[in-house]
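**Student:** predicted model and sequence follow; I will ask about them next.
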Amino acid sequence: MAAVVASGMPELRAMRRDDLAQVAAIEAAAYEFPWTPGIFRDCLNAGYSCWVLADGTRVIGYGILSVAAGEAHVLNVCVTPAEQGRGHGRRLLQRLIDLARWHGAERVFLEVRPSNAHAIAMYERAGFNEIGRRPNYYPAARGREDAIVMAMELLPPDA
């Protein structure tokens, strides 16, 4: 069983296979067009950095990062709707940024829906900047929605 750390904050830990049902349920509650449980399983199988924020045995959020060729890509960061607005997303994002740096990535990329103002603000506060758009990237209720592409340059640890 995952423990809540002494500060009372939920614990950040590596995602396990037995977390997948809770992770998929959070995804389905948070998004109109959620990832399938199979996508999360594939991320684990591919060896991506998959992390959860757990309050005891209850998963309240997760983040997934891929790293290759000196670049990292935040694939997903999500907090269950009832726990949003409490800094959990920021904690997960910071963990992914720290992992990217640890893996030697020089920059981190992500995509976000233009309609997700809260996420965009969080990413900007973390140091991400818009570098472009991907037209018709996301499924939407009325067709497709663009993605804002954001990036953050990482300084070497000794810089």
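**Tutor:** Good, I have the coordinates. Note that this is a predicted model, so its numbers are computed, not measured. Residues are numbered from 1 along each chain as shown.

**Student:** Gly127 and Met150 touch, don't they?
**Tutor:** No: Gly127 lies out of contact with Met150 (C-beta atoms under 8 Å); the separation is 9.7 Å. Every C-beta, even on glycine, is put in place using the N, C-alpha and C of the backbone.

**Student:** which helix is the longest one in this protein?
**Tutor:** helix 88-102 (DSSP state H).

**Student:** which elements pack onto it?
**Tutor:** For helix 88-102, the elements it packs on are strand 11-14, strand 49-55, strand 58-68, strand 71-79, strand 107-112, helix 117-126, judged by 3 or more C-beta pairs under 8 Å, 6 or more residues apart in numbering; DSSP states H and E.

**Student:** tell me the buried residues in stretch 91-98?
**Tutor:** Arg91, Leu92, Leu93, Arg95, Leu96, Ile97 (16 or more other C-beta atoms under 10 Å).

**Student:** give me every residue that touches the residue most central in space within the chain.
**Tutor:** Centroid-nearest residue in the chain, with C-alpha atoms, centre = their mean: Val77, separated by 2.1 Å. Contacts for Val77 were tallied using C-beta atoms under 8 Å, 6 or more residues apart in numbering; they are Gly61, Tyr62, Gly63, Ile64, Gly89, Leu92, Leu93, Leu96, Ala119.

**Student:** what does Met122 give?
**Tutor:** Gly89, Arg90, Leu93.

**Student:** any idea how far it lies from Trp51?
**Tutor:** Per C-beta to C-beta, to the nearest Å, Met122 is found 16 Å from Trp51.
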